[in-house]
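# What follows is a protein structure lacking sequence information:
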C-alpha cells in the first residue's frame, strides 16, 4: 500500500465517521418533525431552554422557551416541542418533574385519558403546580419546630415517668423484700396445712355436687318438653304476626293517607273560611234578618191565617140558626 | 570649571543604591522578557500570515508546483503513522474517564451519565486535546529538528539563494498536511474514546453497544462536534508554526537542534492548552458548551 492510498484511506474513514455523526446527530437535532405546545406554571423550578420534555416518563422533546408571561406576570410561559404523533390530549397535565435526583429539571406531561381529544399544535397543555423545594423546606422547618417543642414536652414527661418508675421499683423491692418473702412462705405453709386438713370435706362436697348435677339432669329432661311447647307457641305467634303484618301495614298506610287527605281538607276549609269570613258574617246577618222576618210572618200567619189566601178578612160566616 | 579635571571619589554602595539597582534589574528583566515574548508572538504571526498566503500554492491545482506531493508525505507522517498512538491514548483515556466517572456516579445510581460524560467530554474536549498533545510531542519536535538541521546545514540559505521561498517549500506542505489530518485524527480519537466508554459500559453493566451509541448520540449535539473540529484546526496551526519557528530560529551547531526540538514540544503543548482554555471559554460564553 503506497503513501497516497494510506492517506486516502485515513481521510476517507475519518470523513465517513464525521459524516455519519453529523447525519445522525443533525437528523436527531433538526430533522424531526416537531409539534409545538405551550403551558403555564407559577413555579418553573430552574427549567431552561433545552430541558427535556417527558410524556408518560418517555423523552419526547425539548423546552424551547421559558419566560415570564406578559398577560399574567404571576405565571411563567413555557414553550415546548414534542415529536410529531405524541398523543398529548386535553386531559394531559404538564408539571415540573425530573428523571432522577441527579438530573436536570424536566417538563413531565401525563398521558391523560383515552377518550379525551388530542391537542392540536400550539394549544395550551393544562398544568399542575409542583411544591417548590423552598416550600418543602419551610414546611419541614415548621415540623422541626413543632417536633422540638414535642421533644421537650416528652422529655419533661419522661422525667416524671422515670421518677414514678423509680418509686414503683422501690416499692416492688420493698414488697419482695426478705420480710415479705418470709411472710409469704408462712402463708403458703398454712395454706398447705389447710388444704391437707380440709381435703376430706372438699371431697364430700364434690360428691354432693355430683349428685345434685345428676338430679339437675333429670329436671332438665323434664323441662325439655315444656321448652318445646313454648317454642312452638312463640313460633305460632310469630307466624300470626307475620301474616297480620302486611294487612296491618296496608291499613295503617290507608289510614295515614286518609288522615293526610282530611288534614288537607281541613286546611282547605280553613282557607275557605278565612277567605269568606266577612261573607259568612253578612250571611249570618241576613239569616238573622230572614229569621226575624219569618218570625214576624209566622206571627201574622197565626194572627191572620186568612191572609195566606185572601187580601181582606172575610166576614165571619154566620152560624146558621 | 572643567569636568575632566574633577576626580570622582570612591565610596561603598548604600542600601538605597542596592535597592535601586535590584529594582532596575527586575524591571529590566521583565521588560526584556516581555519584548522577547512579543517578538516571538510577532514572528509567529508573521509566519502564519506567510504560510496562509503560501497555502494556495501548495494545493494540488493546475499551475502549481508539486508541493502537494510533499504535503501528502507529511500527512502520512503526521496523521496515518500517529493514529496507532493517538488511538491507544484515546482508548485508555476513555476507559479512565468512564471508570472514574462510574466510581462516583454509581453511588447515586446514575451510571447512565457515564455515557454523557464520555461522549460529551471526548467530543468537546479530550479528543482534540489528546490528539494535539500527541501530535505536538511526535510531529512538532520532528518539524523543529528537520528545519533546524536544514538551518544548521545552510539548506534554508541555499533555498533562498535559489529564489525558493522556504515558507512555501518547507512550511506550507506541513501546515496543509496538519490542517487536513489533525481534524481526521481528532474524529478517530473521539470514536476510539467513545468506543472505549461503550466497552466499559458493556463490561460493567451489560449494556449493548447499539444502545450505548444511541445514548451517546442523544447526549451530544452538532455544536459539540463542530467545536471539537474548530479546536483541532487551531491546534494544528499552533503545533506546526511553533515547531517550524523553533526550527527556523536555530543558531549554532547540532546541539541547538536538540534544544529547539525540546522547546518546540514544550511551547506548542503550552500554547495548545492556553488556546484550549480560550476556546472553551468562548464556546461556554457564547452558547453554554
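Structure received. Quick caveat, the model's predicted, so the values are computed rather than measured.

# Do a quick rundown of the helices in chain B.
Assigned by DSSP state H, the helices in chain B fall at B:15-58, B:67-75, B:83-105, B:113-121, B:127-135, B:141-152, B:155-161, B:166, B:172-205, B:209-219, B:222-248, B:254-287.

# Could you export these as a markdown table, including mean pLDDT, distance to chain A and mean neighbour count?
All C-beta atoms are positioned from the backbone trio N, CA, C, and that covers glycine. Rendered in a markdown table, the data for these read as follows (pLDDT from 0 to 100; distance: least, CB to the nearest CB, whole Å; neighbours: other CB atoms under 10 Å in any protein chain shown):
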| stretch | mean pLDDT | distance to chain A | mean neighbour count |
| --- | --- | --- | --- |
| helix B:15-58 | 86 | 15 | 12 |
| helix B:67-75 | 86 | 5 | 20 |
| helix B:83-105 | 93 | 7 | 18 |
| helix B:113-121 | 92 | 7 | 22 |
| helix B:127-135 | 95 | 11 | 27 |
| helix B:141-152 | 93 | 17 | 23 |
| helix B:155-161 | 92 | 23 | 14 |
| helix B:166 | 89 | 23 | 21 |
| helix B:172-205 | 94 | 3 | 24 |
| helix B:209-219 | 88 | 5 | 17 |
| helix B:222-248 | 93 | 5 | 24 |
| helix B:254-287 | 91 | 11 | 17 |
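
# so which of those helices gets nearest residue A:315?
Ranking the helices of chain B by proximity to residue A:315 (CB to CB) places helix B:209-219 first, at 145.2 Å.

# about what we covered before: who wins for proximity to residue A:189 among the helices of chain B?
Between residue A:189 and these, the shortest gap by CB to CB is with helix B:83-105, which sits at 77.2 Å.

# What lies in contact with the closest one?
With CB atoms under 8 Å, 6 or more residues apart in numbering or on different chains as the test, helix B:83-105 has contacts from A:10, A:102, B:111, B:113-114, B:117-118, B:121-122, B:126-127, B:130-131, B:134-135, B:138, B:185, B:188-190, B:192-197, B:199-201, B:204.

# low pLDDT regions in the stretch 151-300 of chain A?
For the stretch 151-300 of chain A, no stretch has pLDDT under 70.

# what's the distance between residue B:42 and residue B:126?
Residue B:42 sits 32 Å away from residue B:126, taking CB to CB, to the nearest Å as the criterion.

# circling back: now the helices of chain B as a markdown table including distance to residue A:107?
Formatted as a markdown table, those follow (distance: least, CB to CB, whole Å):
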| stretch | distance to residue A:107 |
| --- | --- |
| helix B:15-58 | 48 |
| helix B:67-75 | 49 |
| helix B:83-105 | 24 |
| helix B:113-121 | 19 |
| helix B:127-135 | 32 |
| helix B:141-152 | 53 |
| helix B:155-161 | 64 |
| helix B:166 | 61 |
| helix B:172-205 | 28 |
| helix B:209-219 | 17 |
| helix B:222-248 | 22 |
| helix B:254-287 | 22 |
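
# residues touching residue B:23, list them.
Residue B:23 neighbours (CB under 8 Å, 6+ apart): none.

# The stretch 201-321 of chain A: helices as residue ranges?
Secondary structure of the stretch 201-321 of chain A by DSSP state H, counting those that start in this stretch: the helices cover A:277-303.

# can you pull out the helices in the stretch 51-200 of chain A?
Under DSSP H, counting those that start in this stretch, the stretch 51-200 of chain A gives helices at A:133-175, A:178-275.

# Out of those helices, which is closest to residue B:234?
Residue B:234 lies closest to helix A:133-175 among these, at 42.2 Å (CB to CB).

# Tell me what angle that closest one forms with helix A:178-275.
Angle, helix A:133-175 to helix A:178-275, by axes from the mean of the first three to the mean of the last three CA atoms, to 10 degrees: 130 degrees.

# May I ask you to confirm that residue A:106 is in contact with residue A:95?
No. Counting by CB atoms under 8 Å, residue A:106 stays clear of residue A:95, with 10.1 Å between them.

# Residues in contact with both of these two, list them for me.
Common neighbours of residue A:106 and residue A:95, using CB under 8 Å, 6+ apart, do not exist here.

# residues contacting the residue in chain A that chain B sits nearest to?
Here chain A gets closest to chain B at one residue, residue A:14, 3.4 Å apart by CB to the nearest CB. When contacts are counted by CB under 8 Å, 6+ apart, residue A:14 touches B:183, B:184, B:185, B:187, B:188.

# for residue A:96, same thing?
Listed by CB under 8 Å, 6+ apart, the contact partners of residue A:96 are A:41, A:43, A:44, A:45, A:47, A:105, A:107, A:108, A:130.

# on that earlier part again, could you dump the helices of the stretch 51-200 of chain A to JSON lines with mean neighbour count and distance to chain B?
Below are the helices of the stretch 51-200 of chain A laid out as JSON lines (neighbours: other CB atoms under 10 Å in any protein chain shown; distance: least, CB to the nearest CB, whole Å):
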{"stretch": "helix A:133-175", "mean neighbour count": "10", "distance to chain B": "18"}
{"stretch": "helix A:178-275", "mean neighbour count": "10", "distance to chain B": "62"}
